[in-house]
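J.: here is a sequence with its predicted model. Questions after.
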Amino acid sequence: MDAALLLNVEGVKKTILHGGVGELPNFITGSRVTFHFRTMKCDEERTVIDDSKQVGQPMHIIIGNMFKLEVWEILLTSMRVNEVAEFWCDTIVEAPSEYQRETWNLSNTEKMQVVPILHGEGNRLFKLGRYEEASTKYQEAIVCLRNLQTKEKPWEAQWLKLEKMINTLVLNYCQCLLKRGEYYEVLEHTGDILRHHPGIVKAYYVRARAHVEVWNEAEAKADLEKVLELEPAMRKAVQRELRLLESRLEGQREEERLRCRHMLGESSAP
C-alpha cells in the first residue's frame, strides 16, 4: 500500500491501492463520472456501511451540478481512470438538532419525504423566475433519489419508480438550464434520458427547444415531429416552436445576405 497523500483539503487523506491509466482527466463542469464505492467505519472491524458492488449498480455524479456532497467531487477529481484508492475523511459528531442537515445526511425515509417538498419549492422558484435557486432544489431532490436508487436492483419495480421521478426532476432542471442559456447541457441530459427511455414526450420537447437555440434545424424538427407522433395534443406548442425556429433561421439567412452584399461591394470597389 502506498503512503497516504494529502489533497490540500483539511481532514482528507488518500492512499492509492491500484494506479490508474493515462493523465488525470479534465473534470470540467458537466462531466459525468461513473464509479463503484465502499464506505466503511474507521473501527477495528472496518465495518462496511455501503457498497455499490453489493447493490450491483455503480454510482455516477455530474461534476459541479448534480451532487450535493462536495467531498465526493474532491475525491473523484483526484483519480485517474481505473484507479482504486482509499480515502480517510475526518468527522465531527453533532446531534441532528445542532446543525442544519443536508439532504445527503437524511435517512432513506426522510429522503423520500423531502423529495416532493424540494420538487414543489423548485417549481415555485421557477415560476418566480429564480432559475438558479430552482435548479438547486431540483438537484437536491435528484441526489436523494439517486442515492436511494443505488440500494435497489436495476430495472425492478422500485428502481423504475425512482427512475421515473428522477427523469421528471432532471427535465425540470433542464427547463432552468434553458432559461440560463446552458443549451448544450440540456442536450446532454435529455439525450441521456432518451437513450434509456425513448417514449418520454417532454424530453423530446425540451431537447427540441435546445436544438432551436443552437441552430440545429434538422434535429429540432425531428424531435418536434416525435412529440406530435407521441402526443398529438401538443400540436399548438409544436407549431409555436416551429415558427420560432423558422423566424430565427430567416434572421440568420438575412444576416448572410447582408454579409455577402457587403463583401461583394468591397471586392468591386476601385
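T.: Here it is on my side, so go on.
J.: next SSE after the helix or strand harbouring Thr190?
T.: Thr190 belongs to helix 183-196 when assigned by DSSP states H and E. Going down the chain from helix 183-196, the next helix or strand is helix 201-213, by DSSP H and E.
J.: tell me what angle the helix or strand that that following helix is followed by forms with helix 201-213.
T.: Following helix 201-213 in sequence order, the next helix or strand is helix 217-230 (DSSP H and E). Going by axes from the mean of the first three to the mean of the last three CA atoms, to 10 degrees, helix 217-230 is angled at 160 degrees with respect to helix 201-213.
J.: packing partners of the helix or strand just after helix 217-230?
T.: Using DSSP H and E, the helix or strand that follows helix 217-230 in sequence is helix 235-268. Judged by 3 or more CB pairs under 8 Å, 6 or more residues apart in numbering; DSSP states H and E, helix 235-268 is in contact with helix 201-213, helix 217-230. In short, each C-beta sits where N, CA and C put it, glycine included.
J.: please identify the deepest-packed of those.
T.: By mean neighbour count, with neighbours taken as mean count of other CB atoms under 10 Å, helix 201-213 ranks first of the helices and strands packed on helix 235-268 at a mean of 23.
J.: where in the stretch 1-150 of the chain is pLDDT low?
T.: Residues of the stretch 1-150 of the chain meeting the criterion pLDDT under 70: 1-10, 64-70, 91-105.
J.: just the helices in it please.
T.: 52-55, 70-76, 108-127, 131-149 (DSSP state H, counting those that start in this stretch).
J.: kindly export the helix holding Thr190 (C-alpha atoms) in PDB.
T.: Only the C-alpha atoms of helix 183-196 are listed here, as PDB (Å, rounded to 0.1, in the frame of the first residue of the first chain):
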ATOM      1  CA  TYR A 183     -28.300  24.600 -24.100                       C
ATOM      2  CA  TYR A 184     -25.600  22.000 -24.600                       C
ATOM      3  CA  GLU A 185     -26.000  20.700 -21.100                       C
ATOM      4  CA  VAL A 186     -29.700  20.400 -21.900                       C
ATOM      5  CA  LEU A 187     -28.900  18.300 -24.900                       C
ATOM      6  CA  GLU A 188     -26.600  16.100 -22.800                       C
ATOM      7  CA  HIS A 189     -29.200  15.400 -20.100                       C
ATOM      8  CA  THR A 190     -32.200  14.900 -22.400                       C
ATOM      9  CA  GLY A 191     -30.100  12.700 -24.700                       C
ATOM     10  CA  ASP A 192     -29.200  10.500 -21.800                       C
ATOM     11  CA  ILE A 193     -32.800  10.200 -20.800                       C
ATOM     12  CA  LEU A 194     -34.000   9.300 -24.300                       C
ATOM     13  CA  ARG A 195     -31.300   6.700 -24.800                       C
ATOM     14  CA  HIS A 196     -32.800   4.800 -21.900                       C
END
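J.: helices or strands next to it in the packing?
T.: helix 157-179, helix 201-213.
J.: just to revisit the earlier point, looking at the helices and strands packed on helix 235-268, which is nearest to Ile74?
T.: For those, the distance to Ile74 is smallest for helix 201-213, at 30.6 Å, taking CB to CB.
J.: and the angle for that closest one with helix 157-179?
T.: Using the same axes, to 10 degrees: helix 201-213 against helix 157-179 is 30 degrees.
J.: could we number from 20 for the rest of this?
T.: With the count now opening at 20, the last piece we talked about shows up as helix 220-232.
J.: distance from helix 220-232 to the middle of the chain?
T.: 16 Å (CA atoms, centre = their mean, to the nearest Å).
J.: which residues does it contact?
T.: Helix 220-232 has contacts (CB atoms under 8 Å, 6 or more residues apart in numbering) with 186, 190, 193-194, 197, 200, 202-203, 205-206, 209-210, 212-213, 216, 236, 238-239, 242-243, 245-246, 249-250, 253, 256-257, 260, 263-264, 267.
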